[in-house]
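K.L.:
Mind folding the following:
(one chain, ligands or ions: 1)
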Amino acid sequence: MPNSHRIHLVQGDITKVHTEAIVNAANSSLLGGGGVDGAIHRAGGPAILEACRAIVARQGGCNTGEAVITTGGNLPANYVIHTVGPVWQGGSKGEPELLANCYRNSLLLAAQNGVKSIAFPNISTGVYGYPKDQAAKIAVETVQAYLQQHAFPQEVSFVVFDADNLALYQKLLKKTD
Ligand code: AR6
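P.N.:
Presented below is the predicted three-dimensional model:
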């Protein structure tokens, strides 16, 4: 696969990653929460929440599958792209397409802002309960399909937090070595 060199797998805390943008698994209020969202707001400081509040005032939050961009505040990343994953409801409520939209719309928004490198957490696989294996397959396939068509972002990292996701992504990405 010609684009496999543009995809990287990292295990750890996404708030410490030095890509130009990191993606937040937010909720539609954009006003913070637990999990990776809580970690990003804690590490990035109040500038991120302030920017989110301005977006809420303008457009009233963010729908599932869509994405908005803010400063990265005190993070190593310049930008945070906040996207809202679907809550798992059994799989027949449009969850796969909504999850794919999160990855696609985050990549498009990054490209519109000239972002060269971006890191994704495993959206929806925590509090929102999306089965990890199905979510990983959608994440990898959606990013690969996007990179076939677009030059920006040049580099995409998947940041896995737990051992289950590490094994799943290793397996999926190996197929394209
Ligand atoms: N770095 C990278 N990944 C992380 C980190 C971190 N610091 N912390 C957790 N993860 P979740 P969701 C992983 O629950 O399922 C929030 O309250 C975690 O292990 O953060 O999309 C929001 O405000 C899991 O694999 O997000 C929403 O209300 C993945 O990140 C809701 O949770 C996503 O888990 C969103 O739920």
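
K.L.:
which regions of this structure lie under the pLDDT threshold?
P.N.:
The chain contains residues with pLDDT under 70 at 1-2, 175-177.

K.L.:
got the residues of this protein near the ligand?
P.N.:
Within the chain, the residues that sit near the ligand (C-beta under 6 Å from any ligand atom) are 13-15, 25-27, 33-37, 39, 85, 121-128, 159, 161-162, 165. Every residue, glycine included, has its C-beta placed from N, CA and C.

K.L.:
Provide a PyMOL selection command restricted to the buried entries of the residues you listed.
P.N.:
In PyMOL, a selection of the buried entries from these looks like this (16 or more other C-beta atoms under 10 Å):
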select buried, resi 14+15+25+26+27+35+36+37+39+85+121+122+123+124+125+126+128+159+161+165
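
K.L.:
Please flag which of the residues of the chain next to the ligand sit within helices.
P.N.:
With helices taken from DSSP state H, the overlap with those comprises G35, V36, D37, A39, N165.

K.L.:
from those, which two are the most distant?
P.N.:
Using C-beta to C-beta, the pair of these lying farthest apart is D37 and N165, separated by 17.0 Å.

K.L.:
Where do the helices of the chain begin and end?
P.N.:
Using DSSP H, helices in the chain cover 35-44, 46-59, 95-112, 132-149, 163-174.

K.L.:
possible to save these as JSON lines with distance to L9?
P.N.:
Shown next, in JSON lines, are those (distance: least, C-beta to C-beta, whole Å):
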{"stretch": "helix 35-44", "distance to L9": "17"}
{"stretch": "helix 46-59", "distance to L9": "26"}
{"stretch": "helix 95-112", "distance to L9": "15"}
{"stretch": "helix 132-149", "distance to L9": "10"}
{"stretch": "helix 163-174", "distance to L9": "5"}
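
K.L.:
With respect to T19, which of those lies nearest?
P.N.:
helix 95-112 (9.7 Å).

K.L.:
Flag every buried residue along that closest one.
P.N.:
Result for helix 95-112 [16+ other C-beta under 10 Å]: buried residues 95-96, 98-107, 109-111.

K.L.:
Stretch 70-89 too?
P.N.:
70-73, 75, 77, 79-86, 88.

K.L.:
Tell me the one among the residues you listed nearest to the ligand.
P.N.:
Proximity of those to the ligand (C-beta to the nearest ligand atom) peaks at G85, which lies at 4.2 Å.

K.L.:
any idea how far the closest one lies from K93?
P.N.:
Using C-beta to C-beta, to the nearest Å, G85 is found at 13 Å from K93.

K.L.:
now swap in G35 and tell me
P.N.:
To K93, G35 is 21 Å away according to C-beta to C-beta.

K.L.:
go on, L108?
P.N.:
From L108 to K93 the distance is 24 Å (C-beta to C-beta).
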